[in-house]
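The sequence and its predicted three-dimensional model are supplied below.
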Amino acid sequence: MNHLLDQLPFVEHALPAAWFQRPTVDVARELLGATMVLRAEDAVTVVRIVETEAYLAEGDLACHAALRMTKRNAPMHEDGGIFYVYKIYGMHLCVNIVTETAGRGCAVLLRAAEPIVGHDVMRSRRANGVVRRDTDLLRGPGNLARALGVSIDDNYRSCASPSAFFHHDATVAAADIITTTRIGITASADLPLRFCLRSPAVSGKR
DNA sequence: TATACGATGCACT
DNA sequence: GTGCATCGTATAG
């Protein structure tokens, strides 16, 4: 079932863990346009990231790690390059990528993506609601986690491994990136830490 | 089209 | 006991 995965050029082109161990805002911006390849539930999906949010180690009260290390935010204090997955509102999962180095406490939230490979799998995972357009499959953090087949067991999982990796898109220019305040938070709500491309898959107003 | 709100569970205090 | 880094539906306009 992994023919596709086996053919993908992981070693040469995938972003190494060290790529994520850089300033969180840089990672959040440079993930835009990036391709994510993820194996979950025995299926491989490939998507293009179009919306991210940065949660910073310093001066950011909305960051889960803002106060101290707890059981929930512990992954954020690891070295960058792993997933931080948590449940929100009792039913949705949010997928983050831990950034910078151990002890910092920061991450990038993946909010939306465009499907590239695996439309059928993603659609079936979203079977509850009627998903009309392909661009709605990964629109919003809860929907994205659902369509990707992510579970709470993916917490701490490497995002620089043969079963989960990213390819950078060097064609994205600074002028392509829209910067806004983050969605759904009250603390530090004025910080310009949400980044997105012009895409119908971006969450919020159309 | 725009706004309101209920669902639902657990980390955190 | 409180409050979410949300989503989908219902209701009003």
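It's in.

tell me what the lengthiest strand in chain A is packed against?
Ordering each strand of chain A by length in residues (DSSP state E) puts strand A:43-55 first. Judged by 3 or more CB pairs under 8 Å, 6 or more residues apart in numbering; DSSP states H and E, strand A:43-55 is in contact with helix A:24-30, strand A:35-40, strand A:107-117, helix A:119-125, helix A:141-148, strand A:194-196. (Glycine included, C-beta is placed from N, CA and C.)

out of those, nearest to residue A:48?
Evaluated over these, closeness to residue A:48 peaks at strand A:107-117, with 4.5 Å, by CB to CB.

does that closest one come close to DNA strand B?
No - residues of strand A:107-117 are not located near DNA strand B by CB under 7 Å from any atom of the strand, the shortest gap being 13.2 Å.

For that strand, buried residues please.
A:107-115 (16 or more other CB atoms under 10 Å).

cool, and stretch A:47-63?
A:47-57, A:60, A:62-63.

can you narrow those to ones near DNA strand B?
Applying CB under 7 Å from any atom of the strand to the buried residues of stretch A:47-63, none is adjacent to DNA strand B.

Mind putting those residues into CSV with distance to DNA strand C and pLDDT?
Formatted as CSV, those follow (distance: CB to the nearest atom of the strand, whole Å; pLDDT from 0 to 100):
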residue, distance to DNA strand C, pLDDT
A:47, 14, 97
A:48, 17, 98
A:49, 14, 98
A:50, 13, 98
A:51, 10, 97
A:52, 10, 98
A:53, 6, 97
A:54, 9, 97
A:55, 4, 98
A:56, 10, 97
A:57, 11, 96
A:60, 9, 96
A:62, 5, 95
A:63, 5, 97
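
Give me the neighbour count for the residue nearest to residue A:27 when sequence neighbours are not counted.
Leaving aside its sequence neighbours, residue A:27 sits nearest to residue A:99 (CB to CB, 6 or more residues apart in numbering; 4.9 Å). Residue A:99 has 30 neighbours, counted by other CB atoms under 10 Å.
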